[in-house]
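1. prediction below, plus the sequence it came from.
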Amino acid sequence: MGSVLASDQLYVRETVRQSVKILIVGHFAVGKTTLVGALSEIRPLRTEERMTQAGEAVDHLAGVPAKTTTTVAMDFGRLTLSDDLVLYLFGAPGQQRFTHLWNDLARGALGALVLADTRRLEESFGVMTLLEERGLPYAVAINQFDDAPVFPEEELREALDLLPTTPLVTCDARDPASSASALIALVEYLISKHQEPA
Ligand SMILES: Nc1nc2c(ncn2[C@@H]2O[C@H](COP(=O)(O)OP(=O)(O)OP(=O)(O)O)[C@@H](O)[C@H]2O)c(=O)[nH]1
Ligand SMILES: [Mg+2]
C-alpha cells in the first residue's frame, strides 16, 4: 500500500477487449474489503467507516474482534485477468440495512463471488437469495479464517444448499494468488454458462 504504481498497472492495457463487472458479496466481516484490496492493481476505493458501540447489537463481531471499521457503500477495484480481459470488482455490503444499494451495484454485473465463513454459514443465505432474485450467477468462496472449522466439500455444499453446478472453492482473502484463483473459478463458470446452448 502507498507504493507508486507502475504506469503499466495504472492504465488499462491497450490489448484489453472486454471489461466485466463482478460483484464481491457476503455477510458482515467475511473479508470482502480484504479480497478487493488484495486483488486490485489500482488503489482500491473504499468507503470504510468506524464502527460505533451503537452498531454492536446489529453487527456481530464474533471471530473478528480486531475489526474497527465496516464498509458503508462499496469497495471498488480492478484486476486485469488476461491480455484482453479486465475485471471491475464491486464489493457490496451484505448487511440487510444496505440492500437498497444492491439495485445500483448489481446493474450490469455479469456474476458474483459470494464469500462465506464456515463459522457462520447460515448468514450467507441472505446474499445468495438477493443474487438469485436478480438472476445473477455466482460462485462461492470459503474465506478460510485461521480458527474456523474445515468441512469436506460435500458437507459445505449441503449446508449452503448449492446446486451441483455452482462452483465452490476455498481461499484466503488476504492472499492475492488465492483470491485470484477464486475469481478465476467464477469467470470460468460464467464463460461456460455463456456458451451453453439456450
Ligand atoms: N485470518 C484471516 N483474517 C481475515 C481474512 N480475511 C479478512 N480477515 C480479517 O477479517 C476482518 C474483516 O475483513 P473485511 O475485509 O473488513 O470484511 P468485510 O466483508 O469487508 O466486512 P464489512 O464490509 O464490514 O461487511 C478484518 O480484520 C480482516 O483483516 C482471512 O482470510 N483470514
Ligand atoms: Mg468491507
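-> Thanks, I have the structure now. Ligands and ions are numbered 1, 2, ... in the order given.
2. how far does stretch 36-55 sit from the chain's center?
-> 13 Å (C-alpha atoms, centre = their mean, to the nearest Å).
3. got the CA positions of it in CSV?
-> Taking Å, rounded to 0.1, in the frame of the first residue of the first chain, the C-alpha atoms of stretch 36-55 are listed here in CSV:
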residue,chain,number,x,y,z
VAL,A,36,-10.8,-6.5,-3.2
GLY,A,37,-7.7,-4.9,-1.6
ALA,A,38,-5.6,-8.0,-2.2
LEU,A,39,-6.6,-8.3,-5.8
SER,A,40,-6.8,-4.7,-7.1
GLU,A,41,-4.0,-3.4,-9.3
ILE,A,42,-5.2,0.2,-8.6
ARG,A,43,-5.5,1.6,-5.2
PRO,A,44,-9.0,0.3,-4.2
LEU,A,45,-11.7,2.8,-3.5
ARG,A,46,-13.1,2.1,0.0
THR,A,47,-16.0,3.5,2.0
GLU,A,48,-15.0,2.4,5.4
GLU,A,49,-16.5,4.0,8.5
ARG,A,50,-15.6,3.4,12.1
MET,A,51,-18.0,1.1,13.9
THR,A,52,-19.5,2.5,17.0
GLN,A,53,-21.0,0.9,20.1
ALA,A,54,-24.4,1.6,18.6
GLY,A,55,-23.7,-0.9,15.9
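4. that stretch: which residues count as buried?
-> By neighbour count on 16 or more other C-beta atoms under 10 Å, the buried set for stretch 36-55 is 36-41, 44, 46, 51. The C-beta positions use only the backbone N, C-alpha and C, and glycine is treated the same way.
5. can I get those in JSON lines with pLDDT?
-> Below are the buried residues of stretch 36-55 laid out as JSON lines (pLDDT from 0 to 100):
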{"residue": "Val36", "pLDDT": "97"}
{"residue": "Gly37", "pLDDT": "97"}
{"residue": "Ala38", "pLDDT": "97"}
{"residue": "Leu39", "pLDDT": "96"}
{"residue": "Ser40", "pLDDT": "96"}
{"residue": "Glu41", "pLDDT": "94"}
{"residue": "Pro44", "pLDDT": "89"}
{"residue": "Arg46", "pLDDT": "89"}
{"residue": "Met51", "pLDDT": "86"}
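6. show me where this protein has helices.
-> Shown for the chain, the helices assigned by DSSP state H span residues 7-10, 32-39, 102-106, 125-133, 153-160, 176-195.
7. the first one - what's its average pLDDT?
-> Read it as helix 7-10. For helix 7-10, mean pLDDT rounds to 66.
8. out of the helices of the chain, nearest to Leu168?
-> Proximity to Leu168 (C-beta to C-beta) singles out helix 153-160 among the helices of the chain, at 6.1 Å.
9. alright, that wraps it up for me.
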